[in-house]
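Engineer: Below are the sequence and a predicted model; questions follow.
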Amino acid sequence: MKISEIKVLVTCPGRNFVTVKIVTDAGVYGLGDATINGREQAVIACLNEHVVPCLIDRDPQDIEDIWQYLYRGVYWRRGPIGMAAIAAIDMALWDIKGKIAGLPVYQLLGGRSRKSVTLYAHANGETIDETLENAAALMDQGFKAIRLQSAIPGLPVTYGVLGEQKDYFELQGNRPLPPEEEWSTKKYYKLVVELFKKAREKFGPDVHLLHDVHSRLTPIEAARLSKLLEPYDLMFLEDACIAENQDSFKLVRNHTVTPLAIGETFNSIWDCKELIQNQWIDYIRAAATHAGGITGLRRIIDFAAIHDVKSAPHGAPD
């Protein structure tokens with residue numbers, strides 16, 4: 001069996017979702033996701049100009065060999081664009097492998113290890129009361145974990161609060177770059193502490209509560225917020241600060257026992273190696289679409305498990 005064709009499909013008016021379709025000479029095909037929100041055209045060019053020509057006539061069942069070839073065979077390794085391209089190819093190849101075997105991919109990876117997976121839903125609002133009302137509605141639907149985000153009083157816009165928009169891309173006015181926003185750490189502290197204080201008073205101790213800082217804080221500011229939120233027993237605090245300097249999370253960890261999560265923008269194990277092996281985080285949030293597909297993500301998750309870091313792969317709307 002050989003790869004005979006690879007199609008890069010661009011869909012969705014106003015937002016370019018990118019799907020890769022690998023077709024074999026036996027008629028079996030597989031699909032993979034190459035969307036990288038805000039930079040879709042870059043990964044399309046990477047696939048069409050650099051990746052697709054390398055794979056025609058290769059055996060689609062050689063998943064590991066192809067992954068290593070695409071990763072190691074270039075001078076410019078890693079990076080969000082290249083790893084998204086590899087991710088799409090990898091997912092499509094696993095899709096083909098599953099179809100040939102007549103098994104779902106999770107069986108090829110060793111079978112399931114749990115009967116269900118916890119998912120969290122987003123509750124956001126223009127006020128704390130609106131956020132909590134939306135959280136209550138989600139709990140009525142059966143969600144046991146809720147992420148709480150509320151607009152910051154005194155600021156014209158708060159990232160993470162969608163209002164009437166259906167997603168962040170629409171919130172940004174369908175622009176490729178995010179808008180410039182005003183920010184006040186002091187106002188943010190006050191809002192978030194009050195939000196979680198009222199949430200615990202309203203919902204009690206059993207519901208899992210989460211919050212995403214969206215990397216708006218410096219490391220010492222993130223440490224202070226994490227400490228302030230300790231009484232409210234968060235499941236995790238996400239993206240408390242930027243981790244380009246992985247030592248930043250050492251500072252945060254040394255000040256708090258609030259569980260910390262990060263990783264949706266990571267594209268390889270090297271982005272999180274120190275965070276994991278030093279146990280500066282509690283959840284790794286790398287996504288298959290951005291971190292080299294099933295093959296790349298499994299490497300990260302297996303490494304994390306050795307160090308008692310849990311996995312909560314990101315499921316972004318891209």
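Structural biologist: Thanks, I have the structure now. Computed from a predicted model, the values in this text were never measured in an experiment.
Engineer: Start and end of stretch 252-271, how far apart?
Structural biologist: 17 Å (Cα to Cα, to the nearest Å).
Engineer: so how far is residue 63 from residue 132?
Structural biologist: According to Cβ to Cβ, to the nearest Å, residue 132 stands 46 Å off from residue 63. All C-beta spots, glycine's among them, are computed from the backbone N, C-alpha and C.
Engineer: again but with residue 249, I slipped
Structural biologist: 33 Å.
Engineer: Neighbours of the residue nearest to residue 22 when sequence neighbours are not counted, how many?
Structural biologist: In space, and not counting its chain neighbours, residue 22 is closest to residue 92: 4.3 Å by Cβ to Cβ, 6 or more residues apart in numbering. Residues near residue 92, counting by other Cβ atoms under 10 Å, number 26.
Engineer: now the helix or strand residue 92 falls within, how far from the centre of its chain.
Structural biologist: Element membership of residue 92 [criterion: DSSP states H and E] is helix 80-101. Remark: helix 80-101 is offset 17 Å from the chain centroid, using Cα atoms, centre = their mean, to the nearest Å.
Engineer: What would it look like as CSV? C-alpha coordinates only.
Structural biologist: Extracted in CSV, the C-alpha atoms of helix 80-101 (Å, rounded to 0.1, in the frame of the first residue of the first chain):
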residue,chain,number,x,y,z
PRO,A,80,3.9,25.8,15.8
ILE,A,81,3.5,25.7,12.0
GLY,A,82,5.8,22.7,11.3
MET,A,83,4.4,20.7,14.2
ALA,A,84,0.8,21.4,13.2
ALA,A,85,1.6,20.0,9.7
ILE,A,86,3.2,16.9,11.3
ALA,A,87,0.2,16.5,13.6
ALA,A,88,-2.3,16.5,10.7
ILE,A,89,-0.3,13.9,8.8
ASP,A,90,0.1,11.7,11.9
MET,A,91,-3.6,11.8,12.7
ALA,A,92,-4.5,10.9,9.2
LEU,A,93,-2.0,8.0,9.2
TRP,A,94,-3.5,6.6,12.5
ASP,A,95,-6.9,6.9,10.9
ILE,A,96,-5.8,4.8,8.0
LYS,A,97,-4.1,2.3,10.4
GLY,A,98,-7.3,1.9,12.3
LYS,A,99,-9.4,1.3,9.2
ILE,A,100,-6.9,-1.3,7.9
ALA,A,101,-7.0,-3.1,11.3
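Engineer: what packs against that helix?
Structural biologist: strand 17-24, strand 29-33, helix 40-46, helix 63-72, helix 105-108, helix 293-306 (3 or more Cβ pairs under 8 Å, 6 or more residues apart in numbering; DSSP states H and E).
Engineer: about what we covered before: per-residue pLDDT, the residue nearest to residue 22?
Structural biologist: According to the prediction, residue 92 has pLDDT 98.
Engineer: What of residue 114?
Structural biologist: On the pLDDT scale, residue 114 is placed at 89.
Engineer: how far away is it from residue 200?
Structural biologist: On the measure of Cβ to Cβ, residue 114 and residue 200 end up 28 Å apart.
Engineer: Which one's more surrounded, those two?
Structural biologist: residue 200 (15 against 6).
Engineer: The more buried one: what secondary structure?
Structural biologist: helix (DSSP: H, G, I helix; E, B strand; the rest coil).
Engineer: can you pull the contacts of it?
Structural biologist: Contacts for residue 200 (Cβ atoms under 8 Å, 6 or more residues apart in numbering) come out as 209, 232, 233.
Engineer: Sort out for me which of those are in strands.
Structural biologist: Using DSSP state E, the subset of the contacts of residue 200 located in strands is residue 209.
Engineer: By neighbours, which of the contacts of residue 200 wins?
Structural biologist: Using other Cβ under 10 Å as the neighbour test, those are led by residue 209, with 23 neighbours.
Engineer: which residues pair with that one across the strands?
Structural biologist: residue 146 (DSSP bridges).
Engineer: gap between it and residue 248?
Structural biologist: Taking Cβ to Cβ, one finds residue 209 at 24 Å from residue 248.
Engineer: Repeat that for residue 47.
Structural biologist: 33 Å.
Engineer: can I see the domain layout of this protein?
Structural biologist: Following the assignment in automatic domain parsing, the chain carries domains at 3-108, 120-311.
Engineer: Just name the shakiest helix or strand of the protein by mean pLDDT.
Structural biologist: Among the helices and strands of the chain, helix 168-171 carries the lowest confidence by mean pLDDT, DSSP states H and E, at a mean of 61.
Engineer: related to what we said a few turns ago, can you add distance to residue 54 and mean neighbour count and give the helices and strands packed on helix 80-101 back as a markdown table?
Structural biologist: Listed next are the helices and strands packed on helix 80-101 as a markdown table, based on distance: least, Cβ to Cβ, whole Å; neighbours: other Cβ atoms under 10 Å:
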| stretch | distance to residue 54 | mean neighbour count |
| --- | --- | --- |
| strand 17-24 | 13 | 20 |
| strand 29-33 | 15 | 21 |
| helix 40-46 | 12 | 18 |
| helix 63-72 | 7 | 16 |
| helix 105-108 | 23 | 13 |
| helix 293-306 | 16 | 19 |
